[in-house]
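In: Kindly return the folded structure for what I paste below:
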Amino acid sequence: MDDKYIGLLLAMSSSLAIGVSFILTKIGHQQVSTISSSGSEYAYLKMPIWWAGMITMGVGEIANFAAYTFAPAILVTPLGAMSVIIGAILAALIMKERLTTMGILGCALCIVGSIIIVLHAPADKEVSTVDEILVYAVKPGFVLYCLCVLVFSVYMIYIVSPKLGKRNPMVYVSICSVVGSISVMAIKAFGIALKLTFQGNNQFVHGSTYIFGITVAGCIVLQLNYLNKALDQFDISIVNPLYYVCFTTATIVASSILFQEMGEGSTPGDNITVLCGFFVIFTGVYILNDSRKKNSDADYTELDLNSDFDNDLEPRDIRLQRIGHRKRHSRALDNEDDIFNIVDDLEDRQTVNSLGSPSSVRRVV
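Out: Below is the predicted model:
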């Protein structure tokens, strides 16, 4: 079987595992919120189902890791849209989120876009040693990209995140995405080193193998930390599609700079078709996300008093506290109405007693 199709199968398996992991980790976060709203920021670490989600994600990432060693990043990364579809279906089955006709249309567009990319993605470059990848990595274009990612990440983590992290999902998602684009390049390099080593060409005698390995470990730890922060604060219907679109875009940019995958070995027609495939997937993800968000908003409609402070991107814990306050306020108003009804009833009884006969009561009524 051609390496490209081996990478394709591994990428599909990865999407399945990662889609399941999103649901499991979100259930873990919800269980923590149910038990205690004032618990530790990392209380989810004590939840077995959260660990099950992390193990499943680990399996998916290993499959994804292997996929990058057989196929170009520009093919493997967009297939992450399958995890969005799987997440939507499982959310409907397990978490009782409604999947509407528009949601099904979004899933279909993701599949069509993925097929377009599979058919027109460029071939992977032949690499004989891991040092060849290091030569690509130290070129001015990719070095500049890495510096931009470093400056952006530090600014977002230390300046923006403390102020806006719990109010806007793009803060955490953007950190995951740009750091993830670097991790994908390092994963591909380290995976190729392992592949060549298993084929008898030992790459662990090259220092660049260890550089890429350390980069992979550091980037993944940072990615998982901020991805969990995003899932803890915002609905999966918001985090999952945003993360996919941002991560895929950043990875395409990084891969195009590092390996020139959309330049050498591909025709302009193929490049345009691949970009159209990305656009179709992005459209599908947007429609799927929009349909699920509308369903989520509909669930809150009867609790909503049409406050001017409503915000679709408001963290769930703050929104639930606000809605709980509204319910208590509503119940208080109902209690006041009940008191007035009791007083009116007593007055009516006094009137009945003063009138005496049943016929008099009928006349009053």
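
In: Against Met82, how distant is the residue nearest to the spatial centre of the chain?
Out: With distances taken as C-alpha atoms, centre = their mean, Asn240 lies nearest the centre of the chain, 2.1 Å away. According to C-beta to C-beta, to the nearest Å, Asn240 and Met82 sit 12 Å apart. Yep, even glycine has a C-beta here, placed from its N, CA and C like the rest.

In: Looks like the residue nearest to the centre of the chain contacts Val84 (just checking).
Out: Yes. Assessed by C-beta atoms under 8 Å, Asn240 is found in contact with Val84 at 5.6 Å.

In: list the contacts for Ala92?
Out: Contacts for Ala92 (C-beta atoms under 8 Å, 6 or more residues apart in numbering) come out as Arg98, Leu99.

In: Let me know the helix or strand that it is in.
Out: helix 81-94 (DSSP states H and E).

In: Report the buried residues of that helix.
Out: Within helix 81-94, the residues scored as buried using 16 or more other C-beta atoms under 10 Å are Ala81, Met82, Ser83, Val84, Ile85, Ile86, Gly87, Ala88, Ile89, Leu90, Ala91, Ala92.

In: Val127: what secondary structure?
Out: coil (DSSP: H, G, I helix; E, B strand; the rest coil).

In: Tell me where the model's unsure across the stretch 201-350 of the chain.
Out: 261-266, 292-350 (pLDDT under 70).

In: Spatially nearest residue to Leu16 (excluding sequence neighbours)?
Out: Ile86 (5.9 Å; C-beta to C-beta, 6 or more residues apart in numbering).

In: For that neighbour, give its distance to Asn228.
Out: On the measure of C-beta to C-beta, Ile86 and Asn228 end up 19 Å apart.

In: and if you look at Ala11?
Out: Ala11 is 23 Å from Asn228, where distance means C-beta to C-beta.

In: So for the two, which sits in the more crowded spot?
Out: Neighbours per residue (other C-beta atoms under 10 Å) separate Ala11 from Asn228, with Ala11 holding more: 25 against 22.

In: give me every residue that touches the more buried one.
Out: Ala63, Asn64, Ala67, Ala71, Leu75, Val76, Leu79, Gly80.

In: buried ones in stretch 94-106?
Out: Glu97, Leu99, Thr100, Gly103, Ile104, Gly106.

In: And Asn289, which helix or strand is it part of?
Out: helix 268-299.

In: so that helix versus helix 81-94, what angle?
Out: 20 degrees (axes from the mean of the first three to the mean of the last three C-alpha atoms, to 10 degrees).

In: so what's Tyr210 closest to, chain neighbours aside?
Out: Nearest in space to Tyr210, with sequence neighbours left out and distances taken as C-beta to C-beta, 6+ apart, is Phe204 at 7.9 Å.

In: Double-check that neighbour against Thr197; I have them as touching.
Out: Yes. Between Phe204 and Thr197 a contact is recorded at 6.4 Å, counting by C-beta under 8 Å.

In: And these two? Which one has more around it.
Out: Neighbour count, other C-beta under 10 Å: between Phe204 and Thr197, Thr197 has more, with 15 against 12.

In: Local confidence estimate at the residue nearest to Leu16?
Out: Predicted confidence (pLDDT) for Ile86: 86.

In: Quick check: it vs Tyr145, distance?
Out: For Ile86 relative to Tyr145 (C-beta to C-beta), the value is 31 Å.

In: Look up how far Ser183 lies from Ala217.
Out: In terms of C-beta to C-beta, Ala217 sits 9 Å off from Ser183.

In: again with Met1
Out: To Ser183, Met1 is 27 Å away according to C-beta to C-beta.

In: which of those two has more neighbours?
Out: Ser183 (23 against 8).

In: if I pick the more buried one, what's in contact with it?
Out: Ser183 makes contact with Thr215, Val216, Cys219, Ile220, Gln223, according to C-beta under 8 Å, 6+ apart.

In: now swap in Gly103 and tell me
Out: Contacts of Gly103 (C-beta under 8 Å, 6+ apart): Ala88, Ile287, Leu288, Ser291, Arg292.

In: for the record, mean pLDDT for the helix or strand harbouring Ser153?
Out: Ser153 belongs to helix 140-155 when assigned by DSSP H and E. For helix 140-155, mean pLDDT is 96.

In: How about residues contacting that helix?
Out: So helix 140-155 is contacted by 136-137, 174-175, 178-179, 181-182, 185, 222, 253-254, 257-258 (C-beta under 8 Å, 6+ apart).

In: Please spell out which residues along that helix are buried.
Out: Within helix 140-155, judged by 16+ other C-beta under 10 Å, the buried ones are Phe142, Tyr145, Cys146, Val149, Ser153.

In: Quick check: buried residues in the helix or strand just after that helix?
Out: Later in the chain than helix 140-155, the nearest helix or strand by DSSP H and E is helix 161-164. Neighbour-count burial for helix 161-164, counted by 16+ other C-beta under 10 Å, picks out Ser161.
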